[in-house]
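> need a 3D model of the sequence below.
(chains A, B, C and D, ligands or ions: 8)
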Amino acid sequence: MSRKGVNIKIKELNSDIAQLRDISLTIGAINNDTWDEPMGPTPFPSLTTLRNWDLTLLNRYKPFYLPFCDLCCLCTYGKCDLSGTKRGACGISMPAQQSRTVLITACIGASTHCGHARHLLDHLIEKYGGDFLINVGDTGVEVEAPVIRLVCGIKPVTLSDLEPVLDYCENQITQLLAVTHTGQEGYQLDFESKVLHAGMIDQLGMEVADIAQISALGFPKADPESSLADLGLGTVDTGKPVILVIGHNVPPSTEIIDYLQKKSLTSDVEVTGICCTALDITRYSSKAKIIGPISWQLRYIRSGIPDVVVIDEQCVRADTLQESAHIRAPLIATSEKNCLGLPDRTDDPVDEIVHDFITGKQTGALILDPVKVGEVAVRTSIGIAPLRKKHKTLPKDTDAIIALAKKCTQCVLCRRACPNDLPLPAAIKAAAQGNLSGLDEIYDDCLGCGRCEPPCAQKIPIHSLIVAAAGKKTRDETYCIRTGRGAIQDVEIRKVGGPIVLGEIPGIVAFVGCANYPKGSREVAEMCMEFAKRRYIVCTSGCSAMSAGMYRNEDGKTAYEQYSGHFEAGGIVNVGSCVSNAHIAGAAIKIASIFAKRPLRGNYEEIADYVYNRVGAVGVAWGAMSQKAAAIAAGFWRLGIPVVVGPHGTKYRRMLLGRSDKEEDWYVYDARTGKKVYGGPVPEHLFFAAETKEEAMVMIAKLTMRPNDTSKGRANKLANYIDLHKRLVGGIPPDVHLFVRTLSDVPLTMKDEIVTHLHDHSWKENPIPDPTLLKRMIHKEKEG
Amino acid sequence: MSRKGVNIKIKELNSDIAQLRDISLTIGAINNDTWDEPMGPTPFPSLTTLRNWDLTLLNRYKPFYLPFCDLCCLCTYGKCDLSGTKRGACGISMPAQQSRTVLITACIGASTHCGHARHLLDHLIEKYGGDFLINVGDTGVEVEAPVIRLVCGIKPVTLSDLEPVLDYCENQITQLLAVTHTGQEGYQLDFESKVLHAGMIDQLGMEVADIAQISALGFPKADPESSLADLGLGTVDTGKPVILVIGHNVPPSTEIIDYLQKKSLTSDVEVTGICCTALDITRYSSKAKIIGPISWQLRYIRSGIPDVVVIDEQCVRADTLQESAHIRAPLIATSEKNCLGLPDRTDDPVDEIVHDFITGKQTGALILDPVKVGEVAVRTSIGIAPLRKKHKTLPKDTDAIIALAKKCTQCVLCRRACPNDLPLPAAIKAAAQGNLSGLDEIYDDCLGCGRCEPPCAQKIPIHSLIVAAAGKKTRDETYCIRTGRGAIQDVEIRKVGGPIVLGEIPGIVAFVGCANYPKGSREVAEMCMEFAKRRYIVCTSGCSAMSAGMYRNEDGKTAYEQYSGHFEAGGIVNVGSCVSNAHIAGAAIKIASIFAKRPLRGNYEEIADYVYNRVGAVGVAWGAMSQKAAAIAAGFWRLGIPVVVGPHGTKYRRMLLGRSDKEEDWYVYDARTGKKVYGGPVPEHLFFAAETKEEAMVMIAKLTMRPNDTSKGRANKLANYIDLHKRLVGGIPPDVHLFVRTLSDVPLTMKDEIVTHLHDHSWKENPIPDPTLLKRMIHKEKEG
Amino acid sequence: MPMTDSWQTAEIPGPKKASLIIKPDIADAMIRRARRPIMVVGHGILEYEVEGRKLIDCLIELSRRGKIPVVATASTNQEFLNRGFSPSALMPAVDLANRLTDARWNGLDGKDSYDLAIFVGLPYYMEWTILSGLKHFAPHVKTMTLDCVYQPNASWSFPNSSIKDWAANLTCIVANLGD
Amino acid sequence: MPMTDSWQTAEIPGPKKASLIIKPDIADAMIRRARRPIMVVGHGILEYEVEGRKLIDCLIELSRRGKIPVVATASTNQEFLNRGFSPSALMPAVDLANRLTDARWNGLDGKDSYDLAIFVGLPYYMEWTILSGLKHFAPHVKTMTLDCVYQPNASWSFPNSSIKDWAANLTCIVANLGD
Ligand code: SF4
Ligand code: SF4
Ligand code: SF4
Ligand code: SF4
Ligand code: SF4
Ligand code: SF4
Ligand code: SF4
Ligand code: SF4
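Ligands and ions are numbered 1, 2, ... in the order given. So this is what the prediction gives:
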């Protein structure tokens, strides 16, 4: 399938041809006459266009499948037992079935971002017009859409120019999902190649969504000094009516802010948020407050603080309606994708809806008009706040906790249901005896998933017990976060391009994704600060961006207060919500195109080859849990950027691991000579699940190494790797000889011990190549 | 989301703006000036546009969930135990999780058809031009695209006009799939409403695919007397080189036929097919032969007869490469969706590829150019046939079967792996003693899935034993099938509209879908003939169309030879391949629009309400196994057409069952009076899995009843229902009183016994309403 | 094979699995304890023999002795009629099971809800899915299967048994019930 | 709780499940029979005590007596070093497991492939998935876990045990091995 046509829309609203007017012939491609770069080889790639690149990567990082079930249950031939070398009734094998599952996951992820992007774009075009200019940075951002330019070969100028990008995405998602049909693709690496394709499509969807909302909603535009916003449950003024927004699609929330402003109520009502809508609403108004990542949904609602809950799409707990009903807070659903069985009141008068909410006649409604949501939410919150009096479902005091804990029979079912295997029965036993410290400790590691509760035959509201026991902690949750800045400026790229490729900056480490952490939020903050202190460039987004801010150092400062928001050594750069992840990929792409001047337009392979071999970037999704996170990771992989996940990440069904012990796997072309030369096992893995934070940190440092590293750069990277290893694991890394190519790679301060190690491991010097995996790059290589 | 824009394409192949030319501004909507029907209320419906209609149906037919697993394993929070009233870590409940799984299934199905349609349409537009006129019936078909007209409100004239339809489908699939993301939709009926939406989108995709290929490839155009094609393994001339085509996308196969014709080789090479490509290739050339449904893939390849295997997409066993390698037949993969890890040789010279195949240097290749596939397949088959000498993997004679059977330890693992729980160990034990009759009997019920083989520690090729033991049967498989005729003519609709709505014709029964039968193909043929004999209109498609022909009566005639191909009482109408299913839905729509003159354009609810209340159509997917089958069924449901599946269908995770015992469920509006009146439990179920063929037949007869039936019609339907019940179950149906509204509904010949029954059940007369579920239809009702 | 593996190997249910009817008394006790039992008999029973008798005869006796109404599915009714036994209802298995999920359904006779549903003779995989539906959505109904293979989704099931052991058990259950 | 339920309730594997180490002899026999065993020790061991001793001490003894090389994952190495014991390798668990799936991998010392891999101390769910990978893709390697909970994807596992029973078993295994 080649989809190189460009779509044009004609508004034909409810009309037959006679009424056709308002024909807007804005053609995406036509704006390209402002872009004189010649078209590269692969604009709008189809399913197999980049298959060779994918297979090159996948043969180096062969999937290690970790089946999450011996079975396949995808069709009614099943269930099929695929253990051992068995095949299913459709002939599929276990590796192919695992990779098929990964592809379904990646398709769900990509469709979620692209579907969101479409919804958002349609809304913004309706509100601001298709000709509204894209602007992601007033100064210093000329490459406004590096992913779109790279993948599609077009340069979008207006919002309408983004539509053909989404048409392409939707088309490709449909093709990709079709591949998962029973009795279709049969080979795991071809499934995996399609996973990478889905990841690339996902990046397009994210980029469209974020550049559209940055442009139209006036979010910070690549601003390294975007303001700080309040973060944490303790920041809420509970004396006021409180609105809680949850999800990812910001328009209903911006309408809430606008309505407040219009009615001069801004300082009378608290607007608080969870998940990405929270991040994006603070990009719109820094008065809004972020409560926390997805793991705060239950605890915050149960605290009784929110008076109205407004949900949109994605990462909204499926039991939100039940939970908010328990605290008597009306729920407004605002997305076609999440209707919760609620009556559709989009066309009803605001007065009636507000009345039904306040009188309790209705506990929830679907309102698909964001403007109406704004008014209903605000008026309901003001009206209902005095009535519901912050009614909460948490145990009201220590005695209540103890009384509940006393019912426990120590059956252990709660612990066995807990994703993190937390020691609940022991803590509850202690609580029954009046000692709440166990529960209080568990609060720090708890995902807030609530899975411990339903198995309890004693109906003990275990999660509520934990939250109540940690009451002081929750009140003390008063942190701050730098609001999402969006893109990285071209000028920043020009400044850091050299230091990164030369290794003065040891790497870019991006902490992204959800909060399915093995041991709570704090580990993300600690990792961020460690790498910032070591003068890596640290990026954050999504739930991880919040977690990064949820910790204060000895001086009482959060990470965002300690470190700059510039894309520079030692910066901690919050790009924004999940869809802002595109800017992290975009930064890597821009290093190749702006700093190294590689052709960008429709030139995916060369750019990815550049990033892979030269840009020491690593993604860390410490609590990745969602299908979107899987798609985001896949997008990084195709660009050649390794991703580290937490231990739950093994449930993504496979790792992509290199074999540093197999020398033959690590040959690259030397672009200068055309010879195949040993480039070393760098980066060693493409997708890696770490057991602990410590293991992750050592691995992150290791994965920033690239075959292109100068000796100075390699020495800097090695110094960090060795130092972290010594401190966190103990001793010199046993594989350090694999990363020393010449003696000048050895960090000066560690010379003696390393050289001894090298001798013990019969180390031999290797040349530093001008590395590429693409044969066609030989001799074409320019300096970069 | 409203997507009422109309897309226009500009071919921009590998060019930047300077080279922009070949701008084809064919605007789909512009052709609408030939269609003067005013636009209805719901063109291009978004996710929630038809939600009220869906909920109306779903509240009558509440989902009965049959979890196929206690767990959810969709994200890395999981696995979550959802048994009892537990909720997952995302807050989801078991009913919602089951419906989410159904939605994923339906999205995969819809994406498969729409992805296929896009691939096919792109190819046909490239080959024949976008201006190529749609023509699905030279005479008598004015409503060329009833589904597209109904759903989208546009009237396609050329191939290019179909593109905006697919744009819409791809957009909606993306939105629908997004809904399945962790932490999004939380309520089962909203998921189910989206399942119905996916089904409707699926029908669009199928209609686009089939009308495009009918038009451009010259398939039979609504021809009730389309020619008969050979069907069955025994019809193959094994003296010739044999090509086997498998899948659903016909272009590579038509290129094989064209190449044979060009080189005057048509009578020298056999072209044989399995699954829908087989059906479609016989629509292109009646010289091609159909081997059978998906269950014939293993047995036919293992027979050694095919010399070259050409696969495209969908319903291709994932082990085809391994199986064809065993018989030394090269495999050509032709679809981006199914690459099997093969080297891409699309750009290599034909001579080289053919040489590599014939010398055995390569066992398979990916060739994405259909024309090249045509030449390579033919030349390879001719070259390799004398070398491989029909090398087979089946045991060569009875002694070989016995020798293999003797290795059996009676561990029972084969039987426990068999989807149909077939008594393999006993049959193998008998075979070891020289008695092959057990194996021979199993052949008839065997799905050909091969799942029995891998668990066998003795490595007995069990399926091969079965097939070899049934050697005589396979040689005798010489049947015929009426080639797929495509659409139903408007004139046919005009003729049968009255008799159907009046009940002279008791119903339309469509046998569609795959071959996951509980007891072999023959049951489908028997059911078809029974209902044709009873003067129902019988439709067939896909694998079921083949199964319908795989049986000869006492006179040696197959169903297709005994019954006419007209859409009339007692006809057996093969519409074609899976995508031809759109014509069956289309026929129901056309009864409402052409016969009853209901407005069609963008008027989904009213038409569905008409079909649901007045058109006695039932879909039967006796061996439904695929995600496509699920989507097809969902498309029928939204139109108000009930679907019956075999017992494996319970694995689709839920039934949609009515409660005939709850009177309150069966009230309808009487359009004449506006009152709510009891309409009776008709049709009783929307999705029903029967335990046996007999149960299915009785249910089919019952499900053709509609509240609108005239007394004459109801009497006719009841006569069939009662008669089948007496014969197959025994006695008068215990619920017959529920279906008698006035005494004139009682079939004359059964008057006495029925009246006695009515008295025993304190029956009361009920008026016959002018039924509708839509309030807005009251008073607007016109005769129909 | 292990007693409590699913008969069809891959039909693994999850954490919630049937208790075993190891001795006939267990089944007896369950049936006696039930306030309102019902028995659903599928077409598969026609294939089995229990100690020389057809299984269907054994079930008729069970129904009579235990006063358990029988619902015959598919064409099973014919065999009952041939033996002069009239099932209480003729109804597809999915329809009956769907009604069982409704705690307010007052049964075939409109008198009261059932608290025990005994299944026998459906295709293994179909019984599996139907029992799964009841396990999750009919908490007020206990389920039991009398098939000779383990059905993990029932509340109680025989283990995977040889026909001989199973027949002995079944005969014993029926005999006890008369008392 | 049942001995062979997954410790984390929902981690149900499918038909292929671990055999039980009911008596210490079983584990001993397996270890003795192994040509080339290897032991992977995760950070979780630091939490457990075995009859007053730290589990890590018990494992060191097991390694010494059984001549089983130890791979320490995550930060576990530090505790070994503190005790004057040097693991044979420091390596993430997924990396080591991935190599084990390669039948041609000649081990940490380059001499020969392993035929027994003993896991202990990884997070339950992560050990579960890693053992699943090995179950399916390392047929040449038997796996064993020494954790006190049932790991269905291993070849052999302890049942879910009280710390006391488990500690007794473990001590016994170690003691026997020296002989
Ligand atoms: S998709 Fe294949 S392996 Fe999965 S259940 Fe269906 S037949 Fe079995
Ligand atoms: S809410 Fe916390 S303690 Fe409860 S199961 Fe989830 S993570 Fe464990
Ligand atoms: S599930 Fe309930 S009773 Fe059991 S240990 Fe946990 S809190 Fe106690
Ligand atoms: S794949 Fe998931 S849903 Fe399917 S059987 Fe396994 S655990 Fe259950
Ligand atoms: S989607 Fe929900 S129920 Fe499913 S595994 Fe994830 S958290 Fe659990
Ligand atoms: S699996 Fe093999 S050995 Fe076992 S009963 Fe079947 S044929 Fe015999
Ligand atoms: S090939 Fe036939 S006998 Fe073997 S498992 Fe499949 S259906 Fe059963
Ligand atoms: S009917 Fe089913 S099995 Fe047959 S070709 Fe169509 S989808 Fe495939």
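
> neighbours of the closest residue in space to residue A:412 that isn't next to it in sequence, just the number please.
Spatial nearest neighbour of residue A:412, excluding adjacent residues (CB to CB, 6 or more residues apart in numbering or on different chains): residue A:425 at 5.3 Å. C-beta coordinates here come from the backbone N, C-alpha and C atoms, glycine included. Number of residues near residue A:425 (other CB atoms under 10 Å in any protein chain shown) recorded here: 19.

> equivalent analysis for residue C:82, please.
Neighbours of residue C:82 (other CB under 10 Å): 10.

> then residue A:760?
9.

> can you give me the domain assignment for chain A?
Here the domain assignment for chain A is A:228-388, A:398-475, A:483-777, based on automatic domain parsing.

> any idea which of the ones you listed gets closest to residue B:510?
Nearest to residue B:510 among the domains of chain A is domain A:228-388; the distance by CB to CB comes to 31.4 Å.

> got the end-to-end distance for the closest one?
End-to-end distance of domain A:228-388: 32 Å, with CA to CA, to the nearest Å as the criterion.

> anything in it near ligand 2?
No: counting by CB under 6 Å from any ligand atom, ligand 2 has no neighbours in domain A:228-388; the shortest distance is 7.1 Å.

> quick check: longest helix of chain C.
The longest helix of chain C (DSSP state H) is helix C:163-178.

> low pLDDT regions in chain C?
In the prediction, chain C carries residues with pLDDT under 70 at positions C:1-4, C:178-179.

> can you pull out the helices in it?
Counting by DSSP H, the helices of chain C are C:24-33, C:55-66, C:76-82, C:93-100, C:124-137, C:163-178.

> so what's the gap between the last one and the chain middle?
The gap between where helix C:163-178 is centred and where its chain is centred comes out at 14 Å by CA atoms, centre = their mean, to the nearest Å.

> contacts for it?
With contacts defined as CB atoms under 8 Å, 6 or more residues apart in numbering or on different chains, helix C:163-178 is touched by C:21, C:23-25, C:27-28, C:31-32, C:48-51, C:55, C:58, C:61-62, C:65-66, C:146, C:148, C:158, C:161.

> ok, of the residues you listed, which come out buried?
Buried by 16 or more other CB atoms under 10 Å in any protein chain shown: C:21, C:24, C:27-28, C:31, C:48, C:50, C:55, C:58, C:61-62, C:65-66, C:146, C:148, C:158, C:161, out of the contacts of helix C:163-178.

> on the three-state scheme, the residue of the stretch 351-500 of chain A found nearest ligand 7 is what?
Residue nearest to ligand 7 within the stretch 351-500 of chain A (CB to the nearest ligand atom): residue A:416, separated by 35.9 Å. The three-state label for residue A:416, taken from DSSP: H, G, I helix; E, B strand; the rest coil, comes out as helix.

> that one touches residue D:11, doesn't it?
No: using CB atoms under 8 Å as the test, residue A:416 is too far from residue D:11 to be in contact (9.4 Å).

> related to what we said a few turns ago, who's in contact with the residue of the stretch 351-500 of chain A closest to ligand 7?
By CB under 8 Å, 6+ apart, the residues touching residue A:416 are A:455, D:1, D:7-9.

> from chain D, how far out is the residue positioned nearest the centre of chain C?
Per CA atoms, centre = their mean, the C-alpha nearest to the average position across chain C is that of residue C:119, at 2.2 Å. Distance, residue C:119 to chain D, by CB to the nearest CB, to the nearest Å: 23 Å.

> and residue A:231, its phi and psi?
Torsion angles at residue A:231 (phi, psi; degrees, to the nearest 10) stand at phi -140, psi 130.

> export the longest helix of chain C to CSV, keeping only CA atoms.
In CSV, the C-alpha atoms belonging to helix C:163-178 read as follows (Å, rounded to 0.1, in the frame of the first residue of the first chain):
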residue,chain,number,x,y,z
ILE,C,163,-15.6,-44.7,32.5
LYS,C,164,-15.6,-47.5,35.0
ASP,C,165,-14.9,-45.4,38.1
TRP,C,166,-17.3,-42.8,37.0
ALA,C,167,-20.1,-45.3,36.3
ALA,C,168,-19.6,-46.8,39.7
ASN,C,169,-19.8,-43.3,41.3
LEU,C,170,-22.8,-42.3,39.3
THR,C,171,-24.7,-45.5,40.1
CYS,C,172,-23.9,-45.1,43.7
ILE,C,173,-25.2,-41.5,43.7
VAL,C,174,-28.4,-42.5,42.2
ALA,C,175,-28.9,-45.4,44.5
ASN,C,176,-28.2,-43.4,47.6
LEU,C,177,-30.7,-40.7,46.6
GLY,C,178,-33.6,-43.0,46.7
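
> near chain C, which residues of the stretch 1-150 of chain A?
Neighbours of chain C within the stretch 1-150 of chain A, by CB under 8 Å from any CB of the partner chain: A:70-71, A:78-81.

> quick one, which of those are buried?
Buried subset of the residues of the stretch 1-150 of chain A next to chain C (neighbour count, 16+ other CB under 10 Å): A:70-71, A:78-81.

> tell me, how many residues neighbour whichever residue of chain C sits closest to ligand 5?
Closest to ligand 5 within chain C is residue C:14: 12.3 Å, counting by CB to the nearest ligand atom. Neighbour count for residue C:14, taken as other CB under 10 Å: 23.

> swap in residue A:69?
23.

> and the pLDDT at it?
Looking at residue A:69, its pLDDT reads 95.

> of all the residues in chain A, which ones are close to ligand 4?
With CB under 6 Å from any ligand atom as the criterion, chain A meets ligand 4 at residues A:69, A:71, A:73, A:79.

> now the end-to-end length of stretch A:423-438.
Taking CA to CA, stretch A:423-438 runs 8 Å from one end to the other.

> scratch that, stretch A:72-81 is what I was asking about
With CA to CA as the measure, stretch A:72-81 spans 7 Å from end to end.

> circling back to that earlier point, between helix C:55-66 and the longest helix of chain C, find me the angle.
The directions of helix C:163-178 and helix C:55-66 differ by 20 degrees, with axes from the mean of the first three to the mean of the last three CA atoms, to 10 degrees as the criterion.

> got the angle for helix C:163-178 vs helix C:24-33?
Compare the direction of helix C:163-178 with that of helix C:24-33 by the same axes, to 10 degrees and you get 40 degrees.

> residue C:16 - nearest residue in space that isn't next to it in sequence?
Nearest to residue C:16 is residue B:83, by CB to CB, 6+ apart, at 4.4 Å.

> ok, that neighbour - contacts?
B:70, B:94, C:14-16, C:135-136.

> can I take it that residue A:390 is in a helix?
No: with three-state DSSP as the criterion, residue A:390 is coil rather than part of a helix.

> return the residues in contact with it.
With contact taken as CB under 8 Å, 6+ apart, residue A:390 is in contact with A:238, A:304-305, A:307.
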